[in-house]
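Chemist: Need a 3D model of the sequence below.
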Amino acid sequence: MNFTILPLQGIRWDDQEVLLGSTMEDVEAKLGQPDIVDQSLYYFDSELRFDFSEKGRLEFIEFLGGYHGNIQPIIYGIQAFQVNADELYRILADHNTGNIMDNEHGYSFAFPNIGIGIYRESVPGNVSDLISELEKLGINVAGNSDVKEEQLKSSHWATISLASSNYTW
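Modeler: Okay, here's the model as predicted:
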(Lines give C-alpha, C1' and ligand atoms only; values in the text may rest on other atoms or scores of the structure.)
Protein backbone atom coordinates (compact mmCIF):
# COMPACT_ATOMS: atom_id res chain seq x y z
CA MET A 1 0.00 0.00 0.00
CA ASN A 2 1.20 3.49 -0.82
CA PHE A 3 0.22 5.97 1.85
CA THR A 4 0.17 9.71 1.27
CA ILE A 5 0.32 12.05 4.24
CA LEU A 6 -2.12 14.95 4.01
CA PRO A 7 -0.85 17.48 6.57
CA LEU A 8 -3.48 18.58 9.11
CA GLN A 9 -6.00 16.31 7.36
CA GLY A 10 -5.12 12.60 7.48
CA ILE A 11 -3.76 9.88 5.23
CA ARG A 12 -4.77 8.50 1.83
CA TRP A 13 -4.08 5.19 0.11
CA ASP A 14 -5.64 3.70 -2.98
CA ASP A 15 -9.18 5.14 -2.90
CA GLN A 16 -9.39 5.29 0.91
CA GLU A 17 -8.77 7.99 3.52
CA VAL A 18 -8.56 8.17 7.29
CA LEU A 19 -9.01 11.71 8.48
CA LEU A 20 -7.98 13.31 11.74
CA GLY A 21 -11.05 13.63 13.94
CA SER A 22 -12.31 10.16 12.98
CA THR A 23 -13.44 7.70 15.65
CA MET A 24 -11.76 4.41 16.48
CA GLU A 25 -14.68 2.67 14.78
CA ASP A 26 -14.13 4.74 11.62
CA VAL A 27 -10.47 3.65 11.47
CA GLU A 28 -11.34 -0.01 12.05
CA ALA A 29 -14.01 0.17 9.33
CA LYS A 30 -11.34 1.33 6.83
CA LEU A 31 -8.41 -0.86 7.93
CA GLY A 32 -10.04 -3.81 9.67
CA GLN A 33 -8.99 -5.40 12.94
CA PRO A 34 -5.77 -3.84 14.30
CA ASP A 35 -2.66 -5.81 15.30
CA ILE A 36 -2.66 -4.24 18.76
CA VAL A 37 -5.27 -2.26 20.65
CA ASP A 38 -4.52 -0.28 23.80
CA GLN A 39 -4.89 3.49 23.92
CA SER A 40 -3.87 3.33 20.25
CA LEU A 41 -4.54 1.18 17.20
CA TYR A 42 -1.56 -0.45 15.47
CA TYR A 43 -1.61 -1.86 11.94
CA PHE A 44 0.76 -3.51 9.46
CA ASP A 45 3.06 -5.21 11.99
CA SER A 46 2.99 -2.06 14.11
CA GLU A 47 4.33 0.19 11.34
CA LEU A 48 1.28 2.45 11.53
CA ARG A 49 -0.19 3.85 14.77
CA PHE A 50 -3.35 5.83 15.45
CA ASP A 51 -3.79 7.77 18.73
CA PHE A 52 -7.09 9.15 19.96
CA SER A 53 -8.00 12.09 22.17
CA GLU A 54 -9.83 11.80 25.47
CA LYS A 55 -13.00 12.43 23.47
CA GLY A 56 -12.28 9.39 21.28
CA ARG A 57 -11.25 11.33 18.17
CA LEU A 58 -8.20 10.59 16.04
CA GLU A 59 -5.58 13.24 16.81
CA PHE A 60 -2.24 11.64 15.87
CA ILE A 61 -1.06 9.20 13.17
CA GLU A 62 2.49 7.86 13.12
CA PHE A 63 4.41 5.82 10.55
CA LEU A 64 6.98 3.77 12.46
CA GLY A 65 8.69 1.58 9.85
CA GLY A 66 11.55 3.86 8.86
CA TYR A 67 14.00 3.27 6.04
CA HIS A 68 13.68 -0.54 6.10
CA GLY A 69 9.92 -0.62 6.68
CA ASN A 70 7.26 -2.07 4.43
CA ILE A 71 5.27 1.16 4.52
CA GLN A 72 7.00 4.09 2.81
CA PRO A 73 4.76 7.15 3.26
CA ILE A 74 4.83 10.05 0.84
CA ILE A 75 4.56 13.69 1.85
CA TYR A 76 4.72 16.62 -0.57
CA GLY A 77 5.61 14.12 -3.32
CA ILE A 78 8.66 12.75 -1.45
CA GLN A 79 9.18 9.32 0.12
CA ALA A 80 9.69 10.43 3.72
CA PHE A 81 11.94 7.57 4.82
CA GLN A 82 14.02 7.25 1.65
CA VAL A 83 15.02 10.89 1.17
CA ASN A 84 18.00 12.36 3.04
CA ALA A 85 17.00 13.69 6.47
CA ASP A 86 18.26 17.21 5.74
CA GLU A 87 16.28 17.42 2.50
CA LEU A 88 13.01 16.37 4.14
CA TYR A 89 13.66 18.80 6.99
CA ARG A 90 14.07 21.66 4.49
CA ILE A 91 10.88 20.70 2.63
CA LEU A 92 8.87 20.54 5.85
CA ALA A 93 10.38 23.80 7.11
CA ASP A 94 9.45 25.54 3.85
CA HIS A 95 5.83 24.38 4.16
CA ASN A 96 5.65 25.10 7.89
CA THR A 97 6.56 28.80 7.53
CA GLY A 98 6.91 29.33 11.25
CA ASN A 99 8.29 28.03 14.50
CA ILE A 100 9.98 24.61 14.38
CA MET A 101 10.28 22.72 17.64
CA ASP A 102 13.57 20.92 18.41
CA ASN A 103 13.34 19.59 21.96
CA GLU A 104 15.70 16.65 21.40
CA HIS A 105 18.83 18.30 19.95
CA GLY A 106 18.39 17.18 16.35
CA TYR A 107 16.78 13.79 17.01
CA SER A 108 13.24 15.05 16.45
CA PHE A 109 11.44 18.09 15.14
CA ALA A 110 7.83 19.21 15.19
CA PHE A 111 6.39 21.49 12.53
CA PRO A 112 3.22 22.67 14.28
CA ASN A 113 1.85 24.82 11.45
CA ILE A 114 1.55 21.73 9.23
CA GLY A 115 1.02 19.21 12.06
CA ILE A 116 4.05 17.08 11.16
CA GLY A 117 6.69 15.51 13.42
CA ILE A 118 9.84 13.58 12.47
CA TYR A 119 12.24 11.48 14.55
CA ARG A 120 15.54 9.74 13.87
CA GLU A 121 17.51 7.30 15.99
CA SER A 122 20.87 9.02 15.61
CA VAL A 123 22.39 12.37 14.65
CA PRO A 124 25.47 13.02 12.50
CA GLY A 125 27.66 13.73 15.54
CA ASN A 126 27.08 10.18 16.76
CA VAL A 127 28.68 8.83 13.58
CA SER A 128 31.83 10.85 14.22
CA ASP A 129 31.91 9.66 17.83
CA LEU A 130 31.53 6.02 16.77
CA ILE A 131 34.31 6.33 14.20
CA SER A 132 36.62 7.89 16.81
CA GLU A 133 35.87 5.12 19.31
CA LEU A 134 36.48 2.36 16.77
CA GLU A 135 39.73 3.94 15.59
CA LYS A 136 40.96 4.20 19.21
CA LEU A 137 40.29 0.47 19.53
CA GLY A 138 42.24 -0.18 16.34
CA ILE A 139 39.17 -1.30 14.41
CA ASN A 140 39.07 -0.56 10.69
CA VAL A 141 36.09 1.70 10.00
CA ALA A 142 36.14 1.37 6.20
CA GLY A 143 33.12 -0.75 5.32
CA ASN A 144 32.31 -1.36 9.00
CA SER A 145 28.66 -2.45 9.30
CA ASP A 146 28.13 -0.57 12.58
CA VAL A 147 29.35 2.67 11.00
CA LYS A 148 27.15 2.13 7.94
CA GLU A 149 24.08 1.51 10.11
CA GLU A 150 24.80 4.57 12.26
CA GLN A 151 25.21 6.68 9.11
CA LEU A 152 21.86 5.40 7.82
CA LYS A 153 20.14 6.16 11.15
CA SER A 154 21.54 9.69 11.22
CA SER A 155 20.74 10.51 7.60
CA HIS A 156 17.16 9.17 7.43
CA TRP A 157 14.08 9.66 9.57
CA ALA A 158 12.81 6.64 11.53
CA THR A 159 9.28 7.95 12.05
CA ILE A 160 7.00 10.60 10.62
CA SER A 161 3.77 11.63 12.25
CA LEU A 162 0.88 13.93 11.59
CA ALA A 163 -1.38 15.55 14.11
CA SER A 164 -4.45 17.69 14.38
CA SER A 165 -4.06 21.46 14.52
CA ASN A 166 -4.72 21.57 18.27
CA TYR A 167 -2.31 18.73 19.15
CA THR A 168 0.23 19.54 21.88
CA TRP A 169 3.71 18.59 20.72
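Chemist: in the lowest-mean-pLDDT helix or strand in the chain, what's buried?
Modeler: When the helices and strands of the chain are scored by mean pLDDT, DSSP states H and E, helix 124-136 comes last with a mean of 81. Going by neighbour count (16 or more other C-beta atoms under 10 Å), the buried part of helix 124-136 is 126, 127, 130, 131. C-beta here means a position set from N, CA and C on the backbone, and glycine is covered the same way.
Chemist: Packing partners of it?
Modeler: When contacts are defined as 3 or more C-beta pairs under 8 Å, 6 or more residues apart in numbering; DSSP states H and E, helix 124-136 packs onto helix 145-155.
Chemist: Tell me what angle the helix it packs on forms with helix 124-136.
Modeler: 170 degrees (axes from the mean of the first three to the mean of the last three C-alpha atoms, to 10 degrees).
Chemist: Could you verify my assumption that residue 73 touches residue 64?
Modeler: No - using C-beta atoms under 8 Å, residue 73 makes no contact with residue 64, being 10.4 Å away.
Chemist: Which element, helix or strand, includes the residue in the chain sticking out farthest from the centre?
Modeler: The C-alpha centroid of the chain is most remote from residue 138, which lies 36.0 Å away (C-alpha atoms, centre = their mean). Under DSSP states H and E, no helix or strand contains residue 138.
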